[in-house]
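**Q** Sequence below, structure please.
(chains A, B, C and D)
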Amino acid sequence: MIKILLFADLEEKAGQREIDIDSTAMKVGDIRKYLVEKYPQLTAIKSALPAINEEYAQDDVEAKSGDIVAFIPPVSGG
Amino acid sequence: MIKILLFADLEEKAGQREIDIDSTAMKVGDIRKYLVEKYPQLTAIKSALPAINEEYAQDDVEAKSGDIVAFIPPVSGG
Amino acid sequence: MGYKKLFEITEKEIIIQEVVNKVIDRNAGAINTFIGTVREMTKGKKTLYLKYDAYIPMAEKKLQQIGLEIQSDFPDAHVAITHRIGKLKISDIAVVIAVSTPHRSDAFTASRYAIERIKEIVPIWKKEHWEDGEEWIGDQLEKTPYPSGKPSKEDLT
Amino acid sequence: MGYKKLFEITEKEIIIQEVVNKVIDRNAGAINTFIGTVREMTKGKKTLYLKYDAYIPMAEKKLQQIGLEIQSDFPDAHVAITHRIGKLKISDIAVVIAVSTPHRSDAFTASRYAIERIKEIVPIWKKEHWEDGEEWIGDQLEKTPYPSGKPSKEDLT
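**A** This next block holds a predicted model:
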């Protein structure tokens, strides 16, 4: 199982911060596509940066079961 | 009477912060010369900037009785 | 108080002195602090209040990364950053950055770098609440963030 | 506490928050503070403590002038500066500059300007006390002060 985290606008659109995907291994880019198919309201996920286990990662990196994959919308701290 | 103020190294060398000069009007440059003559230990007054009544002034400005003339050594605040 | 958490996301009010205390050093002559506060008017629109959210563990890691980036340029620098989340009123402090260095020029440069970098790589989001609506704010720099690179010169002017 | 003295020479310990409070403004999103502390080692020499003296009324006037100079460049800026005099130990705070502006870039620029300007025109003097002696420090910028001009670009780098 891969745990997905959504924040800010994405979290609000999905109605939840956490989504579990029942998979042992999946590329980050494929997770992104899967989420947009399942939650069409998440179009803004295209401009989010993926992170695996709290570190930014590219779409072609594979997440494994137990990993946490977060989609980071453009940040606005400070 | 013109009141003279000395600070930092100048004050220590003169042994006093205030000196009164019994004059009704005197150019700042002449005050400087007078002080070096009277207090030869005040050689460093050459690199001090004069101020009349709390504002920087040139040597050719005339101080009048009641004015306060300060000699400001190179500053080191901050 | 043996342990000082140098990079921190908090829901509590930030006490400036507490952040500054973390970087005070016998051989630091200069401390620069940057304090970000909630501004009422932005682009002609009146903000009532803000809400900040964060991916807390990653945000603290990224703040720490900024500290390390600064120390790679200025080995003697000490850096502490606290960012608040939750609901903030106008004039409330959202972030305090403190950098101490032996000489003042480096403290200014490093503090400036830290705030620019926060706006690029630290997963914290601001939601503005106005009388007529609310919105999550993103991409304030109006460009794509670049998590691994460093800001270009022109970002710092 | 209706009256806030924005430019102040004091013999008391400086509370950073009190200086910052003087510049907090609903339309300021950024506050930069510069804090000068007493450093132990200067040019390989160990300082035991410092004494600061000032020509107080003129020093407060000159700090105010610096505030006005900043506001001529940044009309929305708020500036407060407190400088301590008397005996200071290592790590004690000698000066706190706080500048608030709507946008952060200006706060950095103005704060940097203020500390450089203090070292040029404000009649405050520092006496360093070491184990083997003591000396009034002057001309830290190693050039003649220029009370009416402004620092050149290269002074600010």
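
**Q** what sits against residue C:14?
**A** Taking Cβ atoms under 8 Å, 6 or more residues apart in numbering or on different chains, we find residue C:14 in contact with C:82, C:84, C:93, C:95, C:96. Where you see a C-beta, it was placed from the backbone N, CA and C, and this is true even at glycine.

**Q** is stretch C:58-72 up against chain D anywhere?
**A** No: using Cβ under 8 Å from any Cβ of the partner chain, stretch C:58-72 stays clear of chain D, with a minimum separation of 15.1 Å.

**Q** so does that stretch get close to chain A?
**A** Yes: Stretch C:58-72 lies within reach of chain A by Cβ under 8 Å from any Cβ, at C:58, C:59, C:61.

**Q** picking that back up, pull out the buried residues from the contacts of residue C:14.
**A** C:82, C:84, C:93, C:95, C:96 (16 or more other Cβ atoms under 10 Å in any protein chain shown).

**Q** The nearest residue to the first one once chain neighbours are set aside: neighbouring residues, count only.
**A** Distances taken as Cβ to Cβ, 6 or more residues apart in numbering or on different chains put residue C:8 closest to residue C:82, at 4.7 Å, once the chain neighbours are dropped. Using other Cβ atoms under 10 Å in any protein chain shown as the criterion, residue C:8 is surrounded by 22 other residues.

**Q** What pLDDT is listed against residue C:15?
**A** Residue C:15 is assigned a predicted lDDT (pLDDT) of 97.

**Q** give the contact list for it.
**A** Counting by Cβ under 8 Å, 6+ apart, residue C:15 has contacts residue D:17.

**Q** ditto for residue C:7
**A** C:60, C:63, C:64, C:66, C:67, C:80, C:81, C:82 are the contacts of residue C:7 under Cβ under 8 Å, 6+ apart.

**Q** Filter those down to the buried ones and express that as a ChimeraX selection.
**A** Buried residues among these (16+ other Cβ under 10 Å), as a ChimeraX selection:
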select /C:60,63,66,67,80,81,82
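
**Q** By mean pLDDT, point me to the weakest helix or strand of chain C.
**A** strand C:41-42 (a mean of 87; mean pLDDT, DSSP states H and E).

**Q** list the buried ones in the strand or helix carrying residue C:88?
**A** Element membership of residue C:88, judged by DSSP states H and E, is strand C:86-89. By 16+ other Cβ under 10 Å, the buried positions in strand C:86-89 come out as residue C:88.

**Q** still on that earlier bit, so what secondary structure elements neighbour the helix or strand just after the least confident helix or strand of chain C?
**A** As assigned by DSSP H and E, the chain's next helix or strand after strand C:41-42 is strand C:45-54. Applying 3 or more Cβ pairs under 8 Å, 6 or more residues apart in numbering or on different chains; DSSP states H and E, one finds that strand C:45-54 contacts strand C:78-84, strand C:86-89, strand C:124-130.

**Q** what's the angle from the helix or strand in which residue C:72 is found to strand C:45-54?
**A** Remark: residue C:72 resides in helix C:56-73, with elements defined by DSSP H and E. Here helix C:56-73 runs at an angle of 90 degrees relative to strand C:45-54 (axes from the mean of the first three to the mean of the last three Cα atoms, to 10 degrees).

**Q** Now do helix C:56-73 against strand C:124-130: the angle between them, please.
**A** For helix C:56-73 against strand C:124-130, the angle by the same axes, to 10 degrees is 120 degrees.

**Q** I'd like the mean pLDDT over helix C:56-73, please.
**A** On average, helix C:56-73 scores 98.

**Q** got a list of what residue 61 touches?
**A** This is for chain A. Residues in contact with residue A:61, defined by Cβ under 8 Å, 6+ apart, are A:27, A:28, A:50, A:52.

**Q** Chain C is the one I meant
**A** A:54, A:55.

**Q** and it, how far is that from chain D?
**A** According to Cβ to the nearest Cβ, to the nearest Å, residue C:61 and chain D sit 24 Å apart.

**Q** Residue A:57 is in contact with residue A:32, isn't it?
**A** No: using Cβ atoms under 8 Å, residue A:57 is not in contact with residue A:32, being 11.5 Å away.

**Q** quick revisit: ok, of the residues of stretch C:58-72 next to chain A, which one's closest to chain B?
**A** Of all the residues of stretch C:58-72 next to chain A, residue C:59 has the smallest distance to chain B: 34.8 Å, by Cβ to the nearest Cβ.

**Q** any idea which helix is longest in chain A?
**A** Counting by DSSP state H, the longest helix found in chain A is helix A:28-38.

**Q** secondary structure element for the residue nearest the centre of chain A?
**A** Nearest to the geometric centre of chain A sits residue A:71, at 3.9 Å (Cα atoms, centre = their mean). Secondary structure assignment for residue A:71, by DSSP H and E: strand A:68-72.

**Q** What confidence value was assigned to residue C:156?
**A** 45.

**Q** Give me the contact status of stretch C:93-109 with chain D.
**A** Yes: using Cβ under 8 Å from any Cβ, stretch C:93-109 reaches chain D at C:100, C:102, C:104, C:105, C:107, C:108.

**Q** So the last one versus residue D:34, what's the distance?
**A** Remark: distance between residue C:108 and residue D:34 (Cβ to Cβ, to the nearest Å) = 8 Å.

**Q** list residues touching both of these two?
**A** Common contacts of residue C:108 and residue D:34, defined by Cβ under 8 Å, 6+ apart, comprise C:32, D:111, D:112.

**Q** ok, the residues you listed vs chain A, which is closest?
**A** Ranked by distance to chain A (Cβ to the nearest Cβ), these are led by residue C:32 at 15.4 Å.

**Q** Phi and psi next, for the nearest residue to residue C:71 once chain neighbours are set aside.
**A** Distance criterion Cβ to Cβ, 6+ apart; nearest residue to residue C:71, sequence neighbours excluded, is residue C:77 at 5.5 Å. Main-chain torsions, residue C:77, degrees, to the nearest 10: phi -70, psi 140.

**Q** need the contact list for the residue lying closest to residue C:42 once chain neighbours are set aside.
**A** Leaving aside its chain neighbours, residue C:42 sits nearest to residue C:128 (7.2 Å; criterion: Cβ to Cβ, 6+ apart). Residue C:128 makes contact with C:42, C:45, C:47, C:50, C:134, C:135, C:137 under the criterion Cβ under 8 Å, 6+ apart.

**Q** Can you check the pLDDT for residue C:128?
**A** 95.

**Q** In this structure the residue nearest to the centre of chain A contacts residue A:46, no?
**A** No: under the criterion of Cβ under 8 Å, residue A:71 makes no contact with residue A:46, lying 9.8 Å away.
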